[in-house]
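Engineer: Sequence first, then the predicted structure, then my questions.
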Amino acid sequence: MDKKIIILAIAITGIGVYGYNVYNADSAKGTVVIYAASSLAGQMNATAAQFEKEHPNVKVQIKYGGSSDLINQITSLNQSVDIMASADYGLIDKNLKPNDTSFNLKNGRNEMVIAYTDKSKNSSQINSTNWYQIFSQNNVTYGIADPNSAPAGYRSLMMIQLANTFYNNSTIFNNLITKNSAVTETQNGTNQIINSPTNFNPTSKIVIRPAVGDLMPVLESGTVDYVLVYKSDAEQLNSSGVKFITLPPELALSNTTYESTYNHISINQFSGTNKTKNVPLSPIVYGITIMNNAPDKQLATDFLQLLLSPQGVQISQNNFIEPMTPAEATPNSTNIPSVLNPYVVMP
């Protein structure tokens, strides 16, 4: 066989396995509809821009919001969606598999931080060991995402509950949350359960917003002193004067080492109603899938191929999302498009 032919064959194989290769992209037409966690806005917008560049006749439409709320729109309102990207991969397994999707790919990580600016009260004093004491001061306000619609919201509450044990101080959750909202907590043996009613009913000390991305504007405007957000949200606004403190690994919720401890804490969303859902605390791992009834599965598959490829991984890193490479399929995932196989490992 001619050496040139052999070299060409190897090169083509290399592109298929290690790079992003779109089949007949110029002729592809249509729209990719994506529902995505608001914390993924930077990553998704940049990936969409690259995808549209490579597919000149394709548009990518992205709706951002709290993952729980977006998934509820898919299941309850029968929204026509190609791709769902959740800030909590477990929500896809629990609410969308197997009826609405057949697979779920864990493809990124994040962590909780406390963001602030120079305008934040006592910002020169706050650190990873005294933040809850600063929050408790009378003149200090703080913001969280809605725990009934956004993983960042319920993770904030469960992180504060976890702080009781970490700092050996049983009053932290009560002082910061119970006294300032309609949220309650109950204990069932060694398990702590947070009850989040439909009406959070916060005092003036707490600011609630629908999704984690909605918290940054109120922080930058000085409406609130501190916000509990993902690290990626704070890093994207670093040049605008947003700063953040990292939490101890046990509280940052990014390390699977502490998963056995996390399993003892959960939250009842919409507590006391017929919509009540129990969500356990888990590490911050993103999940993504293509819906079974996706209007354009081929374009959706092409988009995931870009997102999971080395090029997409670099885009994720540039937008402060820690990619999981390769992505990890969750148990009982089936019918994963074969072109994604080079970028996915099975459980």
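Structural biologist: Received it, and whenever you're ready, just let me know what you need.
Engineer: Tell me how this structure divides into domains.
Structural biologist: Using automatic domain parsing, the domain ranges for the chain come out as 3-109+284-345, 112-280.
Engineer: Mean pLDDT and mean neighbour count for the ones you listed - can I get that in a markdown table?
Structural biologist: Every C-beta, even on glycine, is put in place using the N, C-alpha and C of the backbone. As requested, these are exported to a markdown table (pLDDT from 0 to 100; neighbours: other C-beta atoms under 10 Å):
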| stretch | mean pLDDT | mean neighbour count |
| --- | --- | --- |
| domain 3-109+284-345 | 89 | 18 |
| domain 112-280 | 95 | 18 |
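Engineer: Would you agree residue 81 is in contact with residue 296?
Structural biologist: No - shown here, residue 81 and residue 296 do not form a contact pair, counting by C-beta atoms under 8 Å, at 10.9 Å.
Engineer: now the helices for the stretch 201-347 of the chain?
Structural biologist: 215-220, 231-236, 249-252, 259-262, 297-308, 310-318 (DSSP state H, counting those that start in this stretch).
Engineer: next one: the stretch 51-200 of the chain
Structural biologist: Using DSSP H, counting those that start in this stretch, the helices of the stretch 51-200 of the chain run over 67-76, 89-95, 131-136, 151-166, 172-176.
Engineer: Residue 331: which of these is closest?
Structural biologist: Of all the helices of the stretch 51-200 of the chain, it is helix 89-95 that lies closest to residue 331, at 8.0 Å by C-beta to C-beta.
Engineer: Which residues does the closest one contact?
Structural biologist: Residues outside helix 89-95 that contact it (C-beta atoms under 8 Å, 6 or more residues apart in numbering): 67-68, 71-72, 75, 84, 86, 101, 104, 106, 151, 279-280, 282, 285-289, 330.
Engineer: Which residue lies closest in space to residue 167, excluding its sequence neighbours?
Structural biologist: Spatial nearest neighbour of residue 167, chain neighbours left out: residue 132 (7.1 Å); criterion: C-beta to C-beta, 6 or more residues apart in numbering.
Engineer: Against residue 329, how distant is the closest residue to residue 290 other than its chain neighbours?
Structural biologist: The shortest distance from residue 290 to any non-neighbouring residue, by C-beta to C-beta, 6+ apart, is to residue 300 (4.6 Å). According to C-beta to C-beta, to the nearest Å, residue 300 and residue 329 sit 16 Å apart.
Engineer: so how far is residue 97 from the residue nearest to residue 167?
Structural biologist: Going from residue 132 to residue 97 by C-beta to C-beta gives 37 Å.
Engineer: Stretch 166-176 spans what distance, first to last residue?
Structural biologist: Using C-alpha to C-alpha, to the nearest Å, the end-to-end distance of stretch 166-176 comes out at 16 Å.
Engineer: Ok, stretch 171-185 next?
Structural biologist: 12 Å.
Engineer: Can you tell me what sits against that stretch?
Structural biologist: With C-beta under 8 Å, 6+ apart, stretch 171-185 has contacts from 132, 135-136, 142, 147, 157, 160-161, 163-164, 192-197, 199-203, 205-206, 271.
Engineer: For residue 223, list the residues it contacts.
Structural biologist: The neighbours of residue 223, taking C-beta under 8 Å, 6+ apart as the test, are 141, 207.
Engineer: cool, and residue 187?
Structural biologist: Contact analysis of residue 187 by C-beta under 8 Å, 6+ apart lists residue 193.
Engineer: could I get stretch 329-344 in PDB with only the CA atoms?
Structural biologist: Extracted C-alpha coordinates of stretch 329-344, given in PDB (Å, rounded to 0.1, in the frame of the first residue of the first chain):
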ATOM      1  CA  ALA A 329     -22.000   7.900  31.900                       C
ATOM      2  CA  THR A 330     -24.300   7.300  34.800                       C
ATOM      3  CA  PRO A 331     -25.500   3.800  35.600                       C
ATOM      4  CA  ASN A 332     -28.100   2.400  33.300                       C
ATOM      5  CA  SER A 333     -27.300   4.800  30.500                       C
ATOM      6  CA  THR A 334     -28.100   3.400  27.100                       C
ATOM      7  CA  ASN A 335     -28.300   4.500  23.400                       C
ATOM      8  CA  ILE A 336     -25.400   6.900  23.700                       C
ATOM      9  CA  PRO A 337     -24.600   8.100  20.200                       C
ATOM     10  CA  SER A 338     -21.600   6.100  18.900                       C
ATOM     11  CA  VAL A 339     -19.700   9.300  17.800                       C
ATOM     12  CA  LEU A 340     -19.500  10.200  21.500                       C
ATOM     13  CA  ASN A 341     -17.800   7.000  22.400                       C
ATOM     14  CA  PRO A 342     -14.200   8.400  22.200                       C
ATOM     15  CA  TYR A 343     -15.200  11.000  24.900                       C
ATOM     16  CA  VAL A 344     -17.200   8.900  27.300                       C
END
